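*Asks:* Pasting a predicted model and its sequence here:
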Amino acid sequence: MIDIGLFKKNKIIYDADQEQKVEWPDHILVLDSNNFIKFIEKYPLSIVDFWAPWCSPCKAMAPRLRRILKIYKKKIAIGKLDIQKNKKIAKQYKIMGIPHFIFFRNGKIVSNITGIKTVGEIKTVIEDILKKMDK
């Protein structure tokens with residue numbers, strides 16, 4: 001029988017059924033080299049928006065991502081990574097065009113899309129991932 005315990009290394013609390021307790025952000029987080037890895041590994045499902053301040057399509061995606069976050073409250077976390085300030089991470093993930101969205105499941109890439117997308121197109125990708133997570 002598993003008791004409630006605290007695994008100090010990752011500071012993750014598990015209950016008797018071993019369901020991970022996650023404090024989901026209610027806003028889009030700003031990512032950089034200091035918090036990127038922690039962010040993608042912390043949440044069961046996260047989206048990283050690779051963008052740049054000069055990119056008009058990237059700016060157009062901001063309200064859509066806020067809408068997605070409201071729709072999938074406590075199911076996804078969204079972070080934005082400025083590729084101009086974080087060139088090393090952008091290079092590591094081979095970002096060639098922006099906006100570019102990478103979907104992570106517990107730190108591992110499960111999907112990605114590039115370009116301006118509708119809320120419906122993003123929802124389709126998320127629903128697909130959530131279905132696979134339930135299996």
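*Replies:* Received the coordinates, thanks.

*Asks:* Beta-bridge partners for V30, please?
*Replies:* K80 (DSSP bridges).

*Asks:* nope, S46 is what I was after
*Replies:* A77, F104.

*Asks:* Assess the claim that it and K38 are in contact.
*Replies:* No: checked against C-beta atoms under 8 Å, the pair S46 and K38 is beyond contact range at 10.7 Å. (Glycine included, C-beta is placed from N, CA and C.)

*Asks:* out of the two, which sits in the more crowded spot?
*Replies:* Neighbours of S46 and K38, each counted by other C-beta atoms under 10 Å, are more numerous for S46; the result is 22 against 10.

*Asks:* In contact with the more buried one, which residues?
*Replies:* Each residue near S46 by C-beta atoms under 8 Å, 6 or more residues apart in numbering is listed here: F39, I40, I76, A77, I78, G79, F103, F104.

*Asks:* From these, pick the one nearest G97.
*Replies:* G97 lies nearest to F103 out of these, by C-beta to C-beta, at 16.5 Å.

*Asks:* so how far is D49 from the closest one?
*Replies:* 11 Å (C-beta to C-beta, to the nearest Å).

*Asks:* same check, this time on M133
*Replies:* 21 Å.

*Asks:* of the two, who's got more company?
*Replies:* Taking neighbours as other C-beta under 10 Å, M133 and D49 compare with D49 leading, 20 against 13.

*Asks:* measure the more buried one to I98 for me?
*Replies:* D49 sits 9 Å away from I98, going by C-beta to C-beta.

*Asks:* any residues touching whatever helix or strand M61 lives in, and which ones?
*Replies:* Per DSSP states H and E: M61 is located in helix 56-71. Contact partners of helix 56-71, identified using C-beta under 8 Å, 6+ apart, comprise 26-28, 47, 49, 51-52, 76, 78, 80, 98-99, 115-119, 122-123, 126.

*Asks:* For ChimeraX, write the selection for the buried entries among these.
*Replies:* Of the contacts of helix 56-71, the buried ones go into a single ChimeraX selection, burial set by 16 or more other C-beta atoms under 10 Å:
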select :28,47,49,51,52,76,78,80,98,99,117,122,126
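
*Asks:* Which ones among the contacts of helix 56-71 map onto strands?
*Replies:* I47, D49, W51, I78, K80 (DSSP state E).
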